[in-house]
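J.: quick one: sequence plus predicted model below, questions after.
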Amino acid sequence: MTEALRTREWTPAELAALDRTPLIRLAGARPDGTLRPFVMIGHVRVGADEIIRSLNGTGGSWYQGVSRTGQGVIDVDGLQVRVAFVADSGREDEVDDALRARYGNDSGVRRMTSALAQAATLRMIPLA
């Protein structure tokens, strides 16, 4: 998958669906274009960006899968969106704060705000 990716902005309908859906389904694309199995994952908005993290850091299986091609599909309450995944760093505190604001501060959120998970932070960008 070496073609140039055409990105676009999130639509109002996509943003509304993301706002009301705390967990989304995510499937990374394989090099042949087929999708890996969907996994459930939390997400947050930081500024205009939709951000995800791997609880298991860069060694997490879904993270490794999306890192190979940088592309996949998210399913937000039945709405499927093709996305690119881009490493995101330098604003760990903002992402941590957004995660706590959305999900509280239970053990899962504490794992999501650990250094291990911070190293596996990705921005999702919708594809045209």
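T.: Yep, it's here. Since the structure is predicted, the reported quantities are computational estimates derived from the model, not experimental observations.
J.: could you pull out the strands in this structure for me?
T.: Per DSSP state E, the chain carries strands over the ranges 23-28, 39-42, 44-46, 49-53, 71-76, 79-87, 121-126.
J.: give me the residues contacting stretch 20-30.
T.: Stretch 20-30 is contacted from outside by 1, 18, 35-43, 52, 62, 65-66, 68-69, 71-77, 85, 102-103, using Cβ atoms under 8 Å, 6 or more residues apart in numbering. In this view, the C-beta of every residue, glycine as well, is placed from N, C-alpha and C.
J.: can you pull up the most central residue in this protein?
T.: Against the mean C-alpha coordinate of the chain, by Cα atoms, centre = their mean, the closest residue is Ile52 at 3.3 Å.
J.: who's in contact with that residue?
T.: Contact analysis of Ile52 by Cβ under 8 Å, 6+ apart lists Leu26, Ile41, Gly42, His43, Phe85, Thr121, Leu122, Met124.
J.: of those, closest to Asp93?
T.: Among the contacts of Ile52, Thr121 lies closest to Asp93 (Cβ to Cβ), at 11.7 Å.
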